[in-house]
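[1] coordinates only, sequence not included:
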């Protein structure tokens, strides 16, 4: 069976973009069609200045919303990244395979580094190297497909490159993954700045619909969405990004086609009103389920505990194999297995090991 892995960062409150672009698809399709693992990637939230208590709170909230969106622990594995040590273990090995040039070419690194520089602040090394950690997230599980938005496709390409490079240098160890992109609403845009994606870290929040926004708040944000000059409702992502964003959101919520929907409306106001109501209805069951889960926090904790144990069982053999392949001395408990493996490759001729840390 095909294995799927995807994760979500607890760097802010989850948004309509997260739901339409990823979470809903995970629940409706991926968990039914594949051996699926979904992860709250909390280690990635440490790459920028953060409040520790907020990271913990948002991590729990993200896990709860993933369950509320329809993920079923009987069908998939849901866990928190930091609960499975194999992610960090494998990340360092992949750093030893990646290059500085590859890291600095990452679009999100360049954007975030430029933003921090404009504020007179330097960036953390982890911001530069976090795409390697993301590759480790993927490769540790022998992942075949990675469902992502357009803005994350570059990171999956890096994971592919590192897997191929490691396999060529040290022997076949990793499955080479591929990115899969949703066809509609792959990238929901900010309602106030429709050329920028609807992100969790938006400072004002005026252009972002959060999954836990009250219905009246949702309606207000959608009705105030920026549109474009002109009166005709047409679908044109390049020339009319504001209208295109609303049409894509409406299409994603109703199962329609954005171009076909553009011919239904004669005014911006009618389009906004229908879009707002469609969003409210899509979020209603998620919010109701979220309230139920919050009333029983032990249920969420149990799911995460069991999920981490299952994920650890899947990842550990691959990561241990990578440690052996790259040349690391196995722990004493693994010596027997490692010696056998070493003999097959000629490593058994090394009858003594001398550690020398002098420079």
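    Now that the structure is in, tell me what you want to look at. Here the structure is a predicted model, which is why all the values come from computation and not from measurement.

[2] can you tell me which helix or strand residue 12 belongs to?
    When secondary structure is defined using DSSP states H and E, no element contains residue 12, which sits outside every helix and strand.

[3] Quick one: neighbours of it, just the number.
    Other residues near residue 12 number 18, with proximity taken as other Cβ atoms under 10 Å. In short, each C-beta sits where N, CA and C put it, glycine included.

[4] Now do the contacts for it.
    58, 199-202 (Cβ atoms under 8 Å, 6 or more residues apart in numbering).

[5] May I have the phi/psi pair for it?
    The phi and psi values for residue 12, taken as degrees, to the nearest 10, are phi -180, psi 180.

[6] Run through the stretch 51-200 of the chain and note the low-pLDDT ranges.
    With pLDDT under 70 as the threshold, the stretch 51-200 of the chain has low-confidence stretches at 182-186.

[7] quick check, nearest of the contacts of residue 12 to residue 178?
    Within the set of the contacts of residue 12, residue 199 lies nearest residue 178; the separation is 24.9 Å, counting by Cβ to Cβ.

[8] helix or strand for that closest one, which one?
    Element membership of residue 199 [criterion: DSSP H and E] is none; it lies in no helix or strand.

[9] From residue 207, how far out is residue 219?
    Using Cβ to Cβ, to the nearest Å, residue 219 is found at 14 Å from residue 207.

[10] Hmm, I typed the wrong one, I wanted residue 136.
    Counting by Cβ to Cβ, the gap from residue 136 to residue 207 is 33 Å.

[11] swap in residue 165?
    Counting by Cβ to Cβ, the gap from residue 165 to residue 207 is 40 Å.

[12] ok, the nearest residue to residue 276 once chain neighbours are set aside - contacts?
    Closest residue to residue 276 in three dimensions, ignoring its sequence neighbours and counting by Cβ to Cβ, 6 or more residues apart in numbering: residue 222, at 3.8 Å. Under the criterion of Cβ under 8 Å, 6+ apart, the contact partners of residue 222 comprise 191, 209, 246, 272, 275-276, 279.

[13] From the residues you listed, which land in helices?
    When the contacts of residue 222 are checked against helices using DSSP state H, the ones located there are 246, 272, 275-276, 279.

[14] Now flag whichever of those residues is closest to residue 326.
    The shortest separation between residue 326 and any of these is 48.2 Å, and it belongs to residue 279 (by Cβ to Cβ).

[15] just to revisit the earlier point, residue 165 and residue 207: who's more crowded?
    Neighbour totals were compared for residue 165 and residue 207, and residue 207 leads with 20 against 15 (other Cβ under 10 Å).

[16] The more buried one: what's it in contact with?
    The neighbourhood of residue 207, defined by Cβ under 8 Å, 6+ apart, consists of 190-193, 198, 221, 225-226.

[17] excluding its backbone neighbours, what's nearest residue 179?
    Residue 179's closest residue in space is residue 156 (Cβ to Cβ, 6+ apart), at 3.9 Å.

[18] and the one you found, that's in a helix?
    Yes - read with DSSP: H, G, I helix; E, B strand; the rest coil, residue 156 is one of the residues of a helix.

[19] What count of nearby residues applies to it?
    Residues near residue 156, counting by other Cβ under 10 Å: 23.

[20] if I pick it, what's in contact with it?
    Taking Cβ under 8 Å, 6+ apart, we find residue 156 in contact with 138, 146, 148, 177-179.

[21] now swap in residue 282 and tell me
    Residue 282 neighbours (Cβ under 8 Å, 6+ apart): 19-20, 253.

[22] can you do 10 Å?
    The neighbourhood of residue 282, defined by Cβ atoms under 10 Å, 6 or more residues apart in numbering, consists of 16, 19-20, 24, 211, 218, 249, 252-254.

[23] just the contacts of residue 156 now: which is nearest residue 307?
    Minimum separation from residue 307 among the contacts of residue 156 (Cβ to Cβ) is found for residue 138, which lies at 16.9 Å.

[24] Looks like the closest one contacts residue 147 (just checking).
    No - with the criterion set as Cβ atoms under 10 Å, residue 138 and residue 147 do not qualify as a contacting pair; they are 11.3 Å apart.

[25] Show me which of the contacts of residue 12 are buried.
    Buried by 16 or more other Cβ atoms under 10 Å: 58, 199-200, 202, out of the contacts of residue 12.

[26] Would you mind putting those into CSV with distance to residue 119 alongside?
    CSV is the format used below for the buried ones among the contacts of residue 12 (distance: Cβ to Cβ, whole Å):
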residue, distance to residue 119
58, 22
199, 17
200, 19
202, 16
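
[27] Between the residues you listed, which sits nearest residue 307?
    Sorting the buried ones among the contacts of residue 12 by how near they are to residue 307, with Cβ to Cβ, puts residue 58 at the top with 17.8 Å.

[28] Isn't that closest one up against residue 13?
    Yes - with contact defined as Cβ under 10 Å, residue 58 reaches residue 13; the gap is 7.1 Å.

[29] what do those two both touch?
    Contact with both residue 58 and residue 13 is made by residues residue 200, according to Cβ under 10 Å, 6+ apart.

[30] same question for stretch 249-268, mean pLDDT?
    For stretch 249-268, the mean per-residue pLDDT is 92.
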